[in-house]
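Asks: Need coordinates for the following:
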Amino acid sequence: MQAVARWLFILALSLTPALAPALTHAEGDPAAFRTVIQSQLEAFQRDDGSAAFAHASPTIKGMFGTPENFMRMVMSGYPQVYRPRSVDFGAVIDYRGQPTQLVYLTGPDGDAVIAYYQMQQQPDGTWQINGVFLEPASNV
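Replies: Got it, this is the predicted structure:
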């Protein structure tokens, strides 16, 4: 189940329109992005799957179905997101056609990654997380 859930998450990212690997300035609301991401990270710290899942876009919610499935995926595949030792917010860029908040995370094992938080604006104007792609910080 975990492998399938992770595969679906990666598939959703790959279906996002790719505009070359453009890392350009993106439109969006950096303050809102930070609030949403920080709230989700705090929910992970409390093991509050419902609160963490509430910050996911409808696409992500549809892929995982329940907060429990979502939490299992994050716990097994994204330890730096689930239990970060440090969190530093970077620039907002355009990544694969979506406004994306860069977040520099250090995981519980000391591994540093750059998390690309793809954000999606909802019809009511709020922002939700539409996917997270991790890249080792050493690749940059």
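Asks: Tell me where the longest helix sits in this protein.
Replies: The residue-count maximum for a helix in the chain (DSSP state H) belongs to helix 30-45.
Asks: ok, then the element right after that helix?
Replies: helix 49-54 (DSSP states H and E).
Asks: Summarise which helices and strands the longest helix of the chain is packed against.
Replies: helix 49-54, helix 79-82, strand 86-95, strand 98-106, strand 112-121, strand 127-136 (3 or more CB pairs under 8 Å, 6 or more residues apart in numbering; DSSP states H and E). For the C-beta atoms, the positions are set from N, CA and C on the backbone; glycine is no exception.
Asks: and the angle from the third one to strand 98-106?
Replies: Put simply, strand 86-95 runs at 160 degrees to strand 98-106, going by axes from the mean of the first three to the mean of the last three CA atoms, to 10 degrees.
Asks: Name every strand pairing with strand 86-95 and say which way it goes.
Replies: The strands beside strand 86-95 in its sheet (DSSP bridges) come out as strand 24-25 (antiparallel), strand 98-106 (antiparallel).
Asks: which stretch in those strands has the least confidence?
Replies: For those, the bottom mean pLDDT is recorded on strand 24-25, which sits at a mean of 48.
Asks: contacting residues around the most centrally placed residue in the chain?
Replies: Residue closest to the average C-alpha location in the chain (CA atoms, centre = their mean): residue 132, at 3.1 Å. Listed by CB atoms under 8 Å, 6 or more residues apart in numbering, the contact set of residue 132 reads 78, 81, 115-118.
Asks: Can I get the helices and strands packed on helix 30-45 in a markdown table including distance to residue 67?
Replies: Formatted as a markdown table, these follow (distance: least, CB to CB, whole Å):
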| stretch | distance to residue 67 |
| --- | --- |
| helix 49-54 | 4 |
| helix 79-82 | 14 |
| strand 86-95 | 22 |
| strand 98-106 | 21 |
| strand 112-121 | 19 |
| strand 127-136 | 14 |
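Asks: Quick one: closest of these to residue 32.
Replies: Within the helices and strands packed on helix 30-45, the stretch nearest residue 32 is strand 127-136; the backing value is 4.9 Å (CB to CB).
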